[in-house]
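In: Sequence and predicted structure below; questions after.
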Amino acid sequence: MMSLLFVAFLVTMMLTLCNKERLSFIAFGVAMALSTVWFLHHASSTLTLQL
Amino acid sequence: MEVALFRRLNAIGMLAVSAVLAMAFYSQFTQNELPCPLCLLQRVATVAVLCGLMLNVVKGPKPDHYSIMIIGAFFGCAVSLRQISLHIVPGSGSYGAPFLGMHYYTWAFLVFSLIIFGTAIIAAYSTQYHKQKFIAFRDQSGISKVAIVVAVVFVAMNALATFAECGPLQCPDNPTSYWLFG
């Protein structure tokens, strides 16, 4: 699943190279949102373990 | 002239950030230190910074491109601080071998902090924001071409290596072998 995050950023880079700036911003936003969700999910699960 | 100079500076920045990913790969493949989920998220943040740098190189420097870099570096700071906090209590151990006296996640926090600081300074030069235009890959300067190719290759390698390690499942907290080969 985590490899999808890298794929999402790779898509962002490809859109940049194809001069699709608006689409690359959207792809970046989606990739960052997925990364944040993943991070919060991981942080919450390890926090539960610590408590 | 100014725009070309800042495009070149951003290309150099891309190479420098790619070197961080290269260092992580070196550690992964030569010392067989498989990255944990938080380590992978720090790599993701590095790639996010690369996206902002690439936008500056390809489309020309713009404030929103620098914002992307800062958002990526801020995310990296949060993840690395989280990992530092997991190991900060004496006796709670650490993850991976130290490099020059500090662990990779501590280095990552310093690097991301430096990126935020450096971006805030370089973004303040307003003369770089004039006469923006898209430059196709074939028309880029030599250093920009190298920086773009290196960045894309490293991101693709990360996607493949992460799939080999974790597969379609959630990555284990302390990975010891590759999902694909184990």
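Out: Structure received. Numbers count the residues shown, from 1 in each chain, chains lettered A, B, ... in the order given.
In: all contacts plus neighbour counts: C-alpha atoms, from now on.
Out: OK.
In: The nearest residue to residue A:1 once chain neighbours are set aside in helix, strand or coil?
Out: Nearest residue to residue A:1, sequence neighbours excluded (C-alpha to C-alpha, 6 or more residues apart in numbering or on different chains): residue B:168, at 5.0 Å. Three-state assignment for residue B:168 (DSSP: H, G, I helix; E, B strand; the rest coil): coil.
In: For chain A, give me the ranges with low pLDDT.
Out: Applying pLDDT under 70 to chain A picks out residues A:46-51.
In: list the helices and strands the longest helix seen in it packs on?
Out: Longest helix of chain A, by residue count under DSSP state H: helix A:21-50. If contacts are counted by 3 or more C-alpha pairs under 8 Å, 6 or more residues apart in numbering or on different chains; DSSP states H and E, helix A:21-50 sits against helix A:2-17, helix B:37-59, helix B:63-86.
In: rewinding a little: can you get me a residue count around the residue nearest to residue A:1?
Out: If you count neighbours by other C-alpha atoms under 10 Å in any protein chain shown, residue B:168 ends up with 14.
In: try residue B:65
Out: Neighbourhood size, residue B:65 [other C-alpha under 10 Å]: 22.
In: quick one, which of the helices and strands packed on helix A:21-50 is packed in tightest?
Out: helix B:37-59 (a mean of 26; mean count of other C-alpha atoms under 10 Å in any protein chain shown).
In: Which strands and helices lie in contact with that helix?
Out: Short answer (3+ C-alpha pairs under 8 Å, 6+ apart): helix B:37-59 packs on helix A:2-17, helix A:21-50, helix B:2-30, helix B:63-86, helix B:142-166.
In: Convert that helix to PDB, retaining C-alpha atoms only.
Out: In PDB, the C-alpha atoms belonging to helix B:37-59 read as follows (Å, rounded to 0.1, in the frame of the first residue of the first chain):
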ATOM      1  CA  PRO B  37       6.800   2.600   8.000                       C
ATOM      2  CA  LEU B  38       8.000   5.900   9.500                       C
ATOM      3  CA  CYS B  39      11.300   5.700   7.600                       C
ATOM      4  CA  LEU B  40       9.300   5.200   4.400                       C
ATOM      5  CA  LEU B  41       7.100   8.200   5.300                       C
ATOM      6  CA  GLN B  42      10.200  10.300   5.700                       C
ATOM      7  CA  ARG B  43      11.200   9.200   2.200                       C
ATOM      8  CA  VAL B  44       7.700  10.200   1.000                       C
ATOM      9  CA  ALA B  45       8.300  13.700   2.500                       C
ATOM     10  CA  THR B  46      11.600  13.900   0.700                       C
ATOM     11  CA  VAL B  47       9.800  13.100  -2.600                       C
ATOM     12  CA  ALA B  48       7.200  15.800  -1.900                       C
ATOM     13  CA  VAL B  49      10.000  18.300  -1.500                       C
ATOM     14  CA  LEU B  50      11.400  17.100  -4.900                       C
ATOM     15  CA  CYS B  51       8.000  17.800  -6.500                       C
ATOM     16  CA  GLY B  52       8.200  21.400  -5.500                       C
ATOM     17  CA  LEU B  53      11.800  21.700  -6.700                       C
ATOM     18  CA  MET B  54      10.800  20.100 -10.000                       C
ATOM     19  CA  LEU B  55       8.000  22.500 -10.500                       C
ATOM     20  CA  ASN B  56      10.500  25.400 -10.100                       C
ATOM     21  CA  VAL B  57      12.900  23.900 -12.600                       C
ATOM     22  CA  VAL B  58      10.200  23.000 -15.200                       C
ATOM     23  CA  LYS B  59       7.700  25.900 -14.800                       C
END
